[in-house]
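[1] Just a sequence and a predicted model for now, questions to come.
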Amino acid sequence: MDFDLQWLLIGLPVAFALGWLGSRFDLRQWKRDSRDAPRAYFKGLNLLLNEQQDKAIDAFIEAVQNDPDTTDLHFALGNLFRRRGEFERAVRVHQHLLQRADLAATERHRAQHALAQDFLKAGLFDRAEEAFRALDGTAYQAEAQLALLMLYERSRDWARAIEVADRIEAAGGASLAPRVAHYWCELAQAADDRGDAEAADQALRRARQAAPGAIRPLVMSGRRLARRGQAVEALAAWDELRRCQPAAFALVAAEYADTAIACGRGQAAHVALLDLIKHEPGIDLLRALARLQVDDAAAARQRLLDLLRLQPTLSAALDLLDDARAPLDAQALPALRQALAAAAKPLQRYRCAACGFEAQHWFWQCPGCLNWDSYPPRRIEEQ
């Protein structure tokens, strides 16, 4: 049977025309879908900027339905759910992304990170921990490690917090030595509470190793030694605190004085406190000096007046008023008035009942929140 070339010449143009028409139909459909998806997306974005989150969510859902393969729309929708506290819906959106087999590795890691944040915000700490740990070796590892650190702090799992902090530092992150010292101190406190003195001592040594200049290990060490009757050793620990962190010594000044009296070292403590108060004046140091009862009345009163002029605080003013060793005189009254004026100044203001904005003058309309008649006609000290 002979093949007629005439039919081939006719069929080729017909096939080409049909293919062209089909492609045009598909192209128009694709353009229509692409046009609908951005329109819904920008509508949702506009509603979101206008703080209309309910309508924005509806718009994003419409955009996702029009273009289910667009991952950015899913992330926007999931983040909106999380911000509104609808954590279950946020989890479903991000889990749906993770179940997609065609999802690129970078997008999969992003979805895993978003899912971990959903669990964390929802208070599902065990599931959040598992989700954050799954991000090891990804671009989100550093963020996940910091989130785990905060998670372990909230759950007071200090051992794991130390482990994560060590990993962050080993990976080249910022030094977390002060925080690690606090973790070891928390472990020492827990050991003390259960009566394990050896474990508490070891934890405090690890705290000192982690951050030699940290305040808390020295404070705790001195207190533990004083409780055990090792007064000389307690004074040595606090003397180290006085030398390396003089501003923080006020935390233990009273205990330092009492411990020095207990072991017969009141005079040495008096000299040490006098030297410190020249550089770090404060009411706690003055009260510690008063406990030692080494000064005469005139010297103690003069130091109190000097402090009141330097730091016009209510605490110093009260101590001066309570001082029964001498009546108030012309030298004391100006310093006392200065202290009272400085303490009263923040209270001689008006505070908005709506937003808390404070001002020296009374307003009909609050400059902060622009509400009318929100200022009570009384100052803070009169309320």
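    Yep, that arrived. Numbers count the residues shown, from 1 in each chain.
[2] And the pLDDT for residue 92?
    Confidence at residue 92, expressed as pLDDT, is 80.
[3] and it, that's in a helix?
    Yes: under DSSP: H, G, I helix; E, B strand; the rest coil, residue 92 falls within a helix.
[4] Around it, how many other residues sit close by?
    14 (other CB atoms under 10 Å). Quick note: C-beta positions are derived from backbone N, CA and C, even for glycine.
[5] Repeat that for residue 334.
    12.
[6] Which residues does the helix or strand hosting it contact?
    For residue 334, the host element (DSSP states H and E) is helix 332-344. For helix 332-344, the external contacting residues (CB atoms under 8 Å, 6 or more residues apart in numbering) are 305, 308-309, 312-314, 316-317, 320-321, 328, 381.
[7] again, 6 Å this time
    The contact list for helix 332-344 (CB atoms under 6 Å, 6 or more residues apart in numbering) reads 305, 308-309, 312, 314, 317, 320.
[8] which outside residues touch the helix or strand just after it?
    Counting by DSSP H and E, the next helix or strand C-terminal to helix 332-344 is strand 350-351. Strand 350-351 is contacted by residues 358-359, 362, 375, 379-380 when judged by CB under 6 Å, 6+ apart.
[9] Where does pLDDT dip in the stretch 251-383 of the chain?
    Within the stretch 251-383 of the chain, the stretches with pLDDT under 70 are 295, 323-332, 381-383.
[10] As a check, name the ranges of all strands in it.
    For the stretch 251-383 of the chain, the strands defined by DSSP state E, counting those that start in this stretch occupy 350-351, 358-359.
[11] Could you single out the nearest of the contacts of helix 332-344 to residue 120?
    Distance to residue 120, by CB to CB, is smallest for residue 314 among the contacts of helix 332-344, at 42.6 Å.
[12] rewinding a little: which of the contacts of helix 332-344 are buried?
    Listed as buried from those are 305, 308, 312, 317, 320; burial here means 16 or more other CB atoms under 10 Å.
[13] returning to what we had before: name the stretch among the strands of the stretch 251-383 of the chain that sits most buried.
    Of the strands of the stretch 251-383 of the chain, the one with the most neighbours on average (mean count of other CB atoms under 10 Å) is strand 350-351, at a mean of 20.
[14] strands paired with that strand, and their directions?
    Partner strands and pairing direction for strand 350-351 (DSSP bridges) are strand 358-359 (antiparallel).
[15] Let me know the helix or strand that the residue nearest the centre of the chain is in.
    Closest residue to the average C-alpha location of the chain: residue 150 at 8.8 Å, with CA atoms, centre = their mean. Per DSSP H and E: residue 150 is located in helix 141-154.
[16] buried stuff in that helix?
    Within helix 141-154, the residues scored as buried using 16+ other CB under 10 Å are 141, 144-149, 151-153.
[17] I'd like to know which of those residues is nearest to residue 100.
    residue 144 (21.4 Å).
[18] residues touching residue 320, list them.
    Counting by CB under 6 Å, 6+ apart, residue 320 touches 304, 336.
[19] Relative to residue 125, how far out is the nearest residue to residue 129 once chain neighbours are set aside?
    Using CB to CB, 6 or more residues apart in numbering and skipping the chain neighbours, the partner closest in space to residue 129 is residue 151 (6.0 Å). Residue 151 is 6 Å from residue 125, where distance means CB to CB, to the nearest Å.
[20] just residue 213 next, same as before
    Taking CB to CB, one finds residue 213 at 33 Å from residue 125.
[21] between the two, which one's more packed in?
    residue 125 (15 against 12).
[22] Now do the contacts for the more buried one.
    By CB under 6 Å, 6+ apart, the residues touching residue 125 are 151, 155.
[23] what does the helix or strand residue 224 falls within contact?
    Residue 224 belongs to helix 215-227 when elements are defined using DSSP H and E. The contact list for helix 215-227 (CB under 6 Å, 6+ apart) reads 185, 204, 207-208, 233-234, 237-238, 240-241, 245, 248, 251-252, 259.
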